[in-house]
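K.L.:
Mind folding the following:
(one chain, ligands or ions: 2)
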Amino acid sequence: MEYGNHNFSNLQSDQPLIHGIDFKHPEDICISAMKGYVKIFTYGCQMNDLDSLKMCSLLAQDGWRETQSLKKADIIILNTCSVRQKAYEKVLSNLGRLRPYKRRKPSLVIAVTGCVAQQEGADLIERMPHVDMVLGTHQLHRLTELVHEILIRRSPVIDTSFSEEIPSLDLVPGKEFIRPAHRAYTNIMQGCDNYCSYCIVPYVRGREISRDYQHIIEEVRKYASSGVKEIFLLGQNVNSYRGGRTFPDLLRMINDIDGIERIRFTTSHPKDMSDDLISCFASLDKLCDHIHLPFQSGSNPVLKAMNRNYTRETYLGLIEKLRAAGPGIAFSADVMVGFPGETHRDFEDTLDLMERVRFDLLFSFKYSPRPGTRSAGFIDDIPEQEKLSRLRQLQDMQKRICADIGSKRIGRVYDVLVDARSSRHEDQVFGRTTHNAIVNFSGDPSLIGSTVTVEITRANPNSLTGEQIGAMR
Ligand code: SAM
Ligand code: SF4
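P.N.:
Ligands and ions are numbered 1, 2, ... in the order given. Purely as a prediction, here's the structure:
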């Protein structure tokens, strides 16, 4: 089973939060409000990670404490992903494994949140009667209220309604849940209007809803004053943000906030990559030298069938413009193989695009049909073995590209924002460069949260190793 790594055992916070979650005085929580233990499992993307932190904060405020022990848990939450068939199956199989826990402890509350909850609704409880709560992606803010309802009524609750506004976008996790303490994730929007033919997101996250820019700025200011140095803006399609300002305007406003040193965002859609946004990579000193820009396929007929609304030529043009605006910028992307009708020639075009761009990091997937999407009606005609073989070929090529990019970084010097102690080597710490490479080097944990200059001495398959040459800032 996949274990979420959110630790919310420290309830002794007197940090008032910004919108929605307002912590009580620590003594109120510790003396009168300890209700039981919660275990939360998180699947999928960074947005789910952030939603889990928000749930942790809501529950902590209500008197629940985290446990790593399933046996001890009074509430178990699976915060789920259904973007690919495999992710969906994993959730169902893990839910099945919780049956014995419910048998042994009938008072246990099992809740399913996130995309599988939204997708399945009441059907999930019919298939899995040991589930007590199915909470959709627009209703996260109701979590504690619904836990109470279950505890009082002892019958399952389901809320998968969509609304015009998503209150949980404005919830901010307590300071003690921000790990590492110098990096905070901020929702700027949720949902998607793009309807790529293969994608379930518009159906499970709903239409695009942007958060008011003033709330975002207020949140970032508070983060900055509490020591956060890096802000990571999140949304399914951040560059179509419309919360009272354009996305580039929002970046410029955040760039002006004292204390913030780095700004990142994900995910961007190539069709919404405006010249104004590209120019931000030249003009904003805090915007990191990295962009995640999924291309999905290098073949025009496949891109058309995917309803992506750009061609390989436009995509390559964007890369060129971004490289001109921010020399040294690193690219990462998502790509799929085995989309219905993908010929060998189409696949070769994907490999060719990879060779031209030379991504620092690539997330590659085998296509799987998702219920309700347009491509679920296409014939899934690429045999599983062929999909696997294309995936392997693509990943082998990406490994070669990564090794080459890594070897060219040897001898170079980078600013590294130190994240944590290395789990493998006691005397080492690791952090990230502005272009998002992980760098390990010998150093004391007192460096965590500061930026140091490091000279790269070795390239590893997924990271770099270096030596600190500059003092901490
Ligand atoms: N908003 C992002 C974009 O525009 O590319 C993508 C978000 S999606 C949640 C994450 C990735 O999952 C996609 O970029 C795509 O590569 C992959 N994905 C989505 N649907 C898929 C499917 N039906 N089969 C395989 N991979 C899929
Ligand atoms: Fe899915 Fe396309 Fe929206 Fe990305 S842009 S979330 S791939 S529909």
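K.L.:
low pLDDT regions in the stretch 1-150 of the chain?
P.N.:
1-33 (pLDDT under 70).
K.L.:
Dihedrals phi and psi, the closest residue to ligand 1 within the stretch 301-450 of the chain?
P.N.:
Of all residues in the stretch 301-450 of the chain, residue 334 sits closest to ligand 1, with a separation of 3.2 Å (Cβ to the nearest ligand atom). Using the backbone N, CA and C atoms, a C-beta is placed for each residue, glycine as well. Backbone torsions for residue 334, taken as degrees, to the nearest 10, come to phi -110, psi 150.
K.L.:
Grab the nearest non-local neighbour of it.
P.N.:
residue 294 (3.7 Å; Cβ to Cβ, 6 or more residues apart in numbering).
K.L.:
Just confirm the one you found is within a helix.
P.N.:
No - judged by DSSP: H, G, I helix; E, B strand; the rest coil, residue 294 forms no part of a helix; its state is coil.
K.L.:
measure it to residue 408 for me?
P.N.:
24 Å (Cβ to Cβ, to the nearest Å).
K.L.:
Give me the three-state assignment for residue 227.
P.N.:
Applying three-state DSSP: residue 227 is coil.
K.L.:
and stretch 339-359, how far out from the chain's middle?
P.N.:
Relative to its chain's centre, stretch 339-359 lies at 26 Å (Cα atoms, centre = their mean, to the nearest Å).
K.L.:
Can you list the buried residues in it?
P.N.:
For stretch 339-359, burial by neighbour count (16 or more other Cβ atoms under 10 Å) applies to 339-342, 346-347, 349-351, 353-354, 357, 359.
K.L.:
do stretch 292-311 and ligand 2 meet at all?
P.N.:
No - if you take Cβ under 6 Å from any ligand atom as the test, stretch 292-311 misses ligand 2, and the best it gets is 6.9 Å.
K.L.:
So what's the gap between that stretch and the chain middle?
P.N.:
With Cα atoms, centre = their mean, you get 22 Å for stretch 292-311.
K.L.:
how long is it from one end to the other?
P.N.:
17 Å (Cα to Cα, to the nearest Å).
K.L.:
Now whichever residue of the stretch 101-250 of the chain sits closest to ligand 1: phi and psi?
P.N.:
Nearest residue of the stretch 101-250 of the chain to ligand 1 (Cβ to the nearest ligand atom) works out as residue 198 at 4.0 Å. Here is the backbone geometry of residue 198 (degrees, to the nearest 10): phi -100, psi -10.
K.L.:
if we can go back for a sec, OK, contacts around the residue of the stretch 301-450 of the chain closest to ligand 1?
P.N.:
267, 292, 294-296, 362-365 (Cβ atoms under 8 Å, 6 or more residues apart in numbering).
K.L.:
Kindly write the PyMOL command that selects the buried subset of those residues.
P.N.:
Listed next is the PyMOL selection for buried residues among these, using 16+ other Cβ under 10 Å:
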select buried, resi 267+292+294+295+296+362+364+365
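K.L.:
Would you mind identifying the next helix or strand past the one helix or strand residue 251 maps to?
P.N.:
Assigned by DSSP states H and E, residue 251 belongs to helix 247-255. Once helix 247-255 ends, the next helix or strand along the chain (criterion: DSSP H and E) is strand 262-266.
K.L.:
now what about that following strand, what contacts it?
P.N.:
46, 188, 229-235, 238, 251, 254-255, 284, 286-288, 290, 292, 417, 434, 436.
K.L.:
So it, near ligand 1 or not?
P.N.:
No - Strand 262-266 is not in contact with ligand 1 by Cβ under 6 Å from any ligand atom; minimum separation 8.5 Å.
K.L.:
Please apply the same query to stretch 361-373.
P.N.:
Yes - Stretch 361-373 comes into contact with ligand 1 (Cβ under 6 Å from any ligand atom), by way of 365, 367-368, 370.
K.L.:
Tell me the one of those nearest ligand 2?
P.N.:
When the residues of stretch 361-373 next to ligand 1 are compared against ligand 2 (criterion: Cβ to the nearest ligand atom), the nearest one is residue 370, at 9.9 Å.
K.L.:
dump the residue contacts of the residue nearest to the closest one when sequence neighbours are not counted.
P.N.:
In space, residue 370 comes closest to residue 200 once its chain neighbours are excluded; the distance is 4.1 Å by Cβ to Cβ, 6+ apart. Shown in contact with residue 200 (Cβ under 8 Å, 6+ apart): 82-83, 115, 119, 370-373.
K.L.:
now, among those, which is nearest to residue 393?
P.N.:
residue 83 (23.1 Å; Cβ to Cβ).
K.L.:
my read is the closest one is in a helix, agree?
P.N.:
No - counting by three-state DSSP, residue 83 is not found in a helix; it is coil.
K.L.:
That one reaches residue 373, doesn't it?
P.N.:
No - checked against Cβ atoms under 8 Å, the pair residue 83 and residue 373 is beyond contact range at 10.6 Å.
K.L.:
any common contacting residues for those two?
P.N.:
199-200.
K.L.:
Please determine how far the residue most central in space within the chain is located from residue 459.
P.N.:
Taking Cα atoms, centre = their mean, the centroid of the chain lies closest to residue 46, which sits 1.3 Å from it. The gap separating residue 46 from residue 459 is 26 Å, by Cβ to Cβ.
K.L.:
circling back: who's in contact with the residue nearest to residue 334?
P.N.:
Taking Cβ under 8 Å, 6+ apart, one finds 267, 269-270, 333-335 in contact with residue 294.
K.L.:
so which of the residues you listed also contact ligand 2?
P.N.:
Among those, ligand 2 is touched by residue 269 when using Cβ under 6 Å from any ligand atom.
K.L.:
picking that back up, which of the contacts of strand 262-266 count as buried?
P.N.:
Buried among these by 16+ other Cβ under 10 Å: 188, 229-235, 238, 251, 254, 284, 286-288, 290, 292, 417, 434, 436.
K.L.:
Identify those among these that sit within strands.
P.N.:
230-234, 290, 292, 417 (DSSP state E).
K.L.:
which among those gets closest to ligand 2?
P.N.:
residue 292 (11.4 Å).
K.L.:
What separation do you get for the closest one and residue 258?
P.N.:
In terms of Cβ to Cβ, residue 292 sits 27 Å off from residue 258.
K.L.:
quick one: the biggest helix by length in the chain near ligand 1?
P.N.:
Of all the elements of type helix in the chain, the one with the most residues (DSSP state H) is helix 384-409. No - applying Cβ under 6 Å from any ligand atom, one finds helix 384-409 separated from ligand 1 by no less than 9.8 Å.
K.L.:
Going by neighbour count, which residues of that helix are buried?
P.N.:
386-387, 390-391, 394, 398, 401-402, 405-406, 409.
K.L.:
same thing with stretch 42-56?
P.N.:
42-45, 47-56.
K.L.:
From the chain's centroid, how far away is it?
P.N.:
That offset, for stretch 42-56, works out to 8 Å (Cα atoms, centre = their mean).
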